[in-house]
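In: Have a look; sequence and predicted model below, questions after that.
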Amino acid sequence: MVRIVLAFIIILLGISYGYADGFPSEEDERQAKECQFDQVADRFKAETGFRGEINYDTNRMCLGFLEGKFADIQITANADTASFRVVFEQILDKVLPYTFAKREHLSRSKISKQTGYIRAVYFQQINGYRVEGAGKLTIVYEVGRNGFRISNGSVELPENITINISLEQAVKIAQDNKLIGDNDKPNNPRIAYVKGDDKNGNRYYLCYVLSFYGYSIYIDVSNSVIRNIDKKDILNNN
């Protein structure tokens, strides 16, 4: 009870200060966010031995892009694929706690070598279902700089989603809502995680992706809700 009273007093004091000083301006909020991000970046550097530049993703409120080196990771451009595989896994272990991804939900593509860089892409997927347009962690070794570029495109995904409708039922929902004609058939229909067009901001849903000529319709597999209509036909992320 004492804690509740103290909390109530603190809230009242906060309200009184708010009325006395006015609500924070957008500039104040921006500076506060930058301060928080700087603290996270400093902690990341201290914990991982990273030295370099870190940019933030203000939409998802997380670290977005990193470019530099790790004090305890050394490698050369002529190293074999197995060596790079070990290094990329080491970097992934360092970065993962600062992302939305879980290790068991990541699958790595084949390591690619091209002029000037070596790259590995880790895709988020749950039960084989990937993310449309996002859900990737990319690690690149730059030969010329002898350093790394890391792009964090991970998103928070819901788990244990039950599929309650069939593809045919999803198409029928689109037809009943006059989004497509009665004889229209989707191109490359699939199930994937997609970003919803709602007040939940960055929330993702498991949906049937019904792609037609120039647009896509996303229908929730669990409750038949039309989560989004994208006028750009989003192709598979493979």
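Out: Thanks, I have the structure now. Numbering: from 1, shown residues only.
In: Can you name the element that comes right after the least confident helix or strand in the chain by mean pLDDT?
Out: Lowest by mean pLDDT, DSSP states H and E among the helices and strands of the chain is helix 2-21, with a mean of 40. Per DSSP states H and E, the first helix or strand lying C-terminal to helix 2-21 is helix 26-48.
In: what pLDDT, on average, does whichever helix or strand comes after that next one get?
Out: Once helix 26-48 ends, the next helix or strand along the chain (criterion: DSSP H and E) is strand 50-57. On average, the pLDDT along strand 50-57 is 92.
In: Put the alpha carbons of strand 50-57 into CSV.
Out: The C-alpha trace of strand 50-57 is given here as CSV (Å, rounded to 0.1, in the frame of the first residue of the first chain):
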residue,chain,number,x,y,z
PHE,A,50,32.9,-2.8,-31.5
ARG,A,51,34.7,0.3,-32.8
GLY,A,52,33.0,2.3,-35.5
GLU,A,53,29.8,4.1,-36.5
ILE,A,54,26.3,3.1,-35.4
ASN,A,55,23.1,4.5,-36.9
TYR,A,56,19.6,4.1,-35.4
ASP,A,57,16.3,3.1,-36.8
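In: other SSEs contacting it?
Out: helix 26-48, strand 62-70 (3 or more Cβ pairs under 8 Å, 6 or more residues apart in numbering; DSSP states H and E). In short, each C-beta sits where N, CA and C put it, glycine included.
In: Please enumerate the helices of this protein.
Out: For the chain, the helices defined by DSSP state H occupy 2-21, 26-48, 81-95, 167-176.
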